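**Q** coordinates only, no sequence provided:
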């Protein structure tokens, strides 16, 4: 009977973690593609949110472009870290806008996406 080595167990855990982060990246990419498309196509909900924030509709377009660029970067191995950092920045702004202008009750999605993209950035940072 053979027992797994410590190196084998560590490698298995790394592979499992890597796979989990890839799943997070895919889910986040889909979420940001959808959110960015909603902003760029002028979804009534997005138009009213940016109107309530008071920064102008140009900012809705900019945010949509940044979200789509970040989503694309999340699935490109060499760009994952940079895409995640971009999206952390966008979601920090979104969370701030929700807390200050839109109300605490609408902040949950922004907080969840901030935590997910922060996790991706942490694990994809080359150390």
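**A** That came through, no problem. Just so it is clear, the model here is predicted, and its values are computed rather than measured.

**Q** what sits closest to residue 83 if chain neighbours are left out?
**A** Nearest non-adjacent residue to residue 83, counting by C-beta to C-beta, 6 or more residues apart in numbering: residue 73, 2.5 Å away. Any C-beta I mention is one placed from the backbone N, CA and C, and that applies to glycine too.

**Q** please apply the same query to residue 59.
**A** residue 50 (6.1 Å).

**Q** repeat that for residue 102.
**A** In space, residue 102 is closest to residue 52, 6.1 Å off (C-beta to C-beta, 6+ apart).

**Q** my guess is the residue nearest to residue 59 contacts residue 62. True?
**A** No - if you go by C-beta atoms under 8 Å, residue 50 and residue 62 don't touch, sitting 10.1 Å apart.

**Q** any idea which element the residue nearest to residue 83 lies in?
**A** helix 57-74 (DSSP states H and E).

**Q** quick check: buried residues in that helix?
**A** 60, 63-64, 66-71, 73-74 (16 or more other C-beta atoms under 10 Å).

**Q** cool, stretch 88-97 as well?
**A** By 16+ other C-beta under 10 Å, the buried positions in stretch 88-97 come out as 88, 90-91, 93-95, 97.

**Q** how many residues are close by residue 83?
**A** Per other C-beta atoms under 10 Å, the neighbour tally for residue 83 reads 25.

**Q** ok, now residue 102?
**A** 15.

**Q** which stretches of the chain form helices?
**A** According to DSSP state H, the chain carries its helices in the segments 6-40, 44-53, 57-74, 80-97, 108-124.

**Q** any chance of those helices in TSV, with mean pLDDT too?
**A** Shown next, in TSV, are the helices of the chain (pLDDT from 0 to 100):
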stretch	mean pLDDT
helix 6-40	86
helix 44-53	92
helix 57-74	96
helix 80-97	96
helix 108-124	95
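
**Q** no further queries at this time; thank you.
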